[in-house]
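# Quick one, what's the 3D model for this:
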Amino acid sequence: MRTRAAVLCGAAAVVAGSLTAHPAGASAGQATTGAPAAPSASVVRPASVTWKKCGTADYPTLQCASLKVPLDHAHPQGRQITLALSRVPHTAKTDQGPLLVNPGGPGGSGRTLAGFVASALPKAVAAQYDVIGFDPRGVGRSTPALDCRPGHFDPVRPDSVPGTPAVEKANLTRVQEFAAACGKKYADVLPYIDTVSAARDLETVRQALGAQRINYFGYSYGTYLGAVYAKLYPQRVRRLVLDSIVDPTGVWYGDNLRQDVAFNDRHRALMAWIARHDSVYRLGTDPAAVEAKWYAMRAALAAKPAGGKVGAAELEDIFMPGGYYDGYWPHLADAFTAYVNGKKSDPLVKAYGALAAVDRSGDNGFSVYSSVQCRDALWPRDWDRWRRDTWAVYDKAPFMTWNNTWYNASCAFWPTAPRQPVDIANSELTPALLFQATDDAATPYEGGVTVHRLLGGSSLVVERGGGNHGITLSGNTCLDDHLARYLTDGTVPHGAGTADAECERTPDPEPQTTKEAPVAAGGAALHGLLGFRG
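A predicted model of the protein is given here:
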């Protein structure tokens with residue numbers, strides 16, 4: 001999903017005197033629709049793209065450009081907005097065309113991802129593609145870049161668990177104020193910040209690049225964007241790679257509830273890992289006892305935030321990245337034991353700054369996240385429904401359930417009417433290659449199985465027992481070999497079961513042995529780009 005700051009929290013907003021929701025419009029149903037009708041207005045062919053050098057120390061061959069696209073694709077001659085693009089050009093004689101890459105979100109900046117993918121793929125494979133990154137509409141250096149309510153996640157926020165009516169009202173107020181701020185500031189833009197509009201932008205990018213077809217590689221929410229593009233323009237897709245796959249049948253309310261349960265399981269996996277390394281962390285050998293100490297820490301921080309920054313909600317934000325990537329586990333465990341056993345809060349404050357603090361790019365990412373998700377689908381408009389559903393899930397999965405609800409609750413009050421979700425079922429594609437870990441928390445395994453069924457001829461590669469979110473180009477050679485073969489010549493595995501191929505998971509991390517250990521190893525570069533909430 002994007003830079004760490006964009007998405008590591010869960011707060012939202014409210015009506016001042018009432019706990020019932022209003023904006024008229026959507027019901028809570030999840031009806032879907034096929035491909036939205038193509039814009040009927042006359043097509044205006046985009047200008048070609050002019051690339052300029054913008055290399056960095058890590059990615060010296062990176063190039064940048066911008067492209068005008070219609071705000072409303074149904075009126076291509078109307079108001080134009082700008083997309084920021086990046087490219088690592090192909091160097092081989094064999095040119096397989098553009099490979100568009102997206103890190104997820106919605107709200108994630110993809111410009112740097114182009115450099116990462118080009119450097120992480122085998123050289124002989126990357127050399128055959130123009131690897132194209134982009135900031136979707138509203139994101140990063142694309143204009144206009146949304147920022148509905150700067151500082152929305154400034155600490156210390158109200159406790160995410162509404163143990164009293166006053167705490168619930170405080171959280172609801174934040175939710176409604178955020179939604180109202182978006183509606184006031186971007187009334188003319190919000191109706192066009194959605195996945196279908198972003199997919200039509202990709203078609204404009206294809207035309208501007210002069211390519212007959214594109215290749216696409218998306219992580220997390222980027223899998224849904226890619227599937228929607230493929231539904232709209234199946235004949236324009238050459239190769240399609242989807243990693244850590246959104247369940248399109250739950251977009252987005254149901255997906256978030258299922259995510260809550262999966263994150264709780266992943267948090268317990270972290271507690272079990274800490275228990276296995278009791279000789280290092282001294283928090284106990286029983287995972288349930290370690291978990292009880294974590295919740296005791298949470299209660300203490302709710303009463304007295306660490307460093308004036310880390311309360312209960314911020315603690316959840318700090319530990320949520322551990323559900324995305326186990327490379328963070330040693331650092332989370334260090335902060336945990338320092339607080340419990342060493343009576344030191346500084347490590348928690350430092351972890352907040354490294355993993356959870358929301359900066360300006362994070363405010364932008366969350367603004368786009370909310371705008372896309374609230375516009376994309378039908379959300380319940382009755383706050384009582386949200387409350388009932390959240391408490392029901394919380395009873396069995398308390399770790400981040402209320403945190404996640406507040407992160408999304410502005411959709412109960414969103415000022416823009418919703419679209420119908422897109423039915424991404426597709427039998428017109430060349431074989432797509434799908435990757436999914438069985439214990440992924442952000443996009444649970446069932447989403448990969450569902451999309452495998454909906455995309456005719458697709459092939460599913462499973463990391464059995466894996467719990468990371470974003471599994472290719474992250475240190476698993478087996479997965480990466482399947483990816484390289486597919487991008488080289490279109491080869492996909494074929495199997496008789498639910499999965500066409502299985503790979504062993506990467507091993508759990510070891511406790512860090514020095515204070516100077518890096519924040520994470522192995523797939524750290526990728527997960528720093530994917531961010532959280534994606």
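# only C-alpha atoms for contact and neighbour calcs from this point on.
OK.
# residue ranges of the strands in the stretch 51-200 of the chain, please?
Remark: strands assigned in the stretch 51-200 of the chain by DSSP state E, counting those that start in this stretch are 52-53, 63-70, 80-88, 98-102, 130-135.
# Check which residues of the helix or strand bottoming out on mean pLDDT in the chain are buried.
For the chain, using mean pLDDT, DSSP states H and E, the weakest element among its helices and strands is helix 524-530, scoring a mean of 90. Going by neighbour count (16 or more other Cα atoms under 10 Å), the buried part of helix 524-530 is 524, 526, 527, 528, 529, 530.
# Let me have those in CSV, extended by distance to residue 494.
Rendered in CSV, the data for the buried residues of helix 524-530 read as follows (distance: Cα to Cα, whole Å):
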residue, distance to residue 494
524, 31
526, 28
527, 29
528, 32
529, 31
530, 29
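# Might you list the low-confidence residue ranges for the protein?
1-33, 40-44, 514-522, 533-534 (pLDDT under 70).
# Select the longest helix from it.
In the chain, assigned by DSSP state H, the helix with the most residues is helix 253-276.
# For the next helix or strand after that one, give me every contacting residue.
Downstream of helix 253-276, the first helix or strand assigned by DSSP states H and E is helix 278-281. Outside helix 278-281, the residues that touch it by Cα atoms under 8 Å, 6 or more residues apart in numbering are 274, 284, 285, 333, 334, 337, 511.
# which one of those residues is nearest residue 379?
residue 333 (36.4 Å; Cα to Cα).
# so the closest one sits in a strand?
No: Residue 333: not assigned to a strand; according to DSSP: H, G, I helix; E, B strand; the rest coil it is helix.
# Output the strands of the stretch 51-200 of the chain as TSV; include the columns distance to residue 145.
As requested, the strands of the stretch 51-200 of the chain are exported to TSV (distance: least, Cα to Cα, whole Å):
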stretch	distance to residue 145
strand 52-53	21
strand 63-70	14
strand 80-88	10
strand 98-102	17
strand 130-135	10
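# In terms of secondary structure, what does the helix or strand containing residue 230 contact?
Counting by DSSP H and E, the element that carries residue 230 is helix 221-232. Counting contacts by 3 or more Cα pairs under 8 Å, 6 or more residues apart in numbering; DSSP states H and E, helix 221-232 is packed against helix 195-209, strand 214-219, strand 237-243.
# Spell out which residues sit in contact with the closest residue to residue 446 other than its chain neighbours, please.
Among residues not flanking residue 446 along the chain, residue 247 sits closest, at 7.1 Å (Cα to Cα, 6 or more residues apart in numbering). The neighbours of residue 247, taking Cα under 8 Å, 6+ apart as the test, are 255, 443, 444, 446, 447, 448, 450, 451.
# For the stretch 1-150 of the chain, which segments count as helices?
111-120, 123-126 (DSSP state H, counting those that start in this stretch).
# show me what contacts residue 132?
Per Cα under 8 Å, 6+ apart, neighbours of residue 132: 85, 86, 87, 88, 98, 99, 100, 101, 111, 114.
# and if you look at residue 312?
Going by Cα under 8 Å, 6+ apart, residue 312 touches 159, 160, 298, 299, 301, 302, 305.
# what's the neighbour count on the residue lying closest to it once chain neighbours are set aside?
Counting by Cα to Cα, 6+ apart, residue 312 lies nearest to residue 302, which is 4.7 Å off, once chain neighbours are set aside. Number of residues near residue 302 (other Cα atoms under 10 Å) recorded here: 21.
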